[in-house]
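# next comes the sequence, and after it the predicted model I'd like to discuss.
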Amino acid sequence: MSYSKVKTVRAKYNTYLHWDIENIAESYKFNVDDIKQIQVGKWTDLIITLKDDTVIVDNSKTDGISLWDTDWKWSDKVTYEDECFEEFDYYDLEYDRECLEEQQLMEEENADLAR
């Protein structure tokens with residue numbers, strides 16, 4: 001499965017954030033078929049890596065919100081969804097070993113912080 005099937009990304013903090021991948025692709029002028037990886041980074045950044053290794057960081061979710069109301073450093077959960085809002089298993093998406101290791105480190109850090 002490829003990231004081109006992902007239509008939205010949802011990250012759970014104390015509240016949810018929602019990114020429309022097609023709108024972001026239109027804004028940043030890239031084709032969704034060119035997506036290599038999608039990650040939710042610190043402070044509500046959506047990080048999209050294209051197949052040519054171009055990295056796009058969309059931080060538009062911080063526009064008009066108070067960053068003090070929620071701990072935005074790391075999300076509690078991230079889901080990848082198709083156009084029907086059906087979730088993909090993260091591990092079913094195409095990824096490289098290095099990116100998987102980064103995701104696992106992030107999850108371990110989140111678990112440590114939750115304790």
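Ah, there it is. Numbering: from 1, shown residues only.
# in the protein, which spans are strands?
Using DSSP state E, the strands of the chain run over 8-12, 16-20, 35-40, 46-50, 55-58, 77-81, 87-88.
# could the ones you listed go into CSV alongside mean pLDDT?
What follows is the strands of the chain, written out as CSV (pLDDT from 0 to 100):
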stretch, mean pLDDT
strand 8-12, 79
strand 16-20, 80
strand 35-40, 92
strand 46-50, 95
strand 55-58, 94
strand 77-81, 77
strand 87-88, 74
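# the ones you listed: which one's closest to Ala111?
Closest of those to Ala111 is strand 77-81, at 12.1 Å (criterion: CB to CB). No exception for glycine: its C-beta is placed from N, CA and C like everyone else's.
# for the closest one, packing partners?
strand 8-12, strand 35-40, strand 87-88 (3 or more CB pairs under 8 Å, 6 or more residues apart in numbering; DSSP states H and E).
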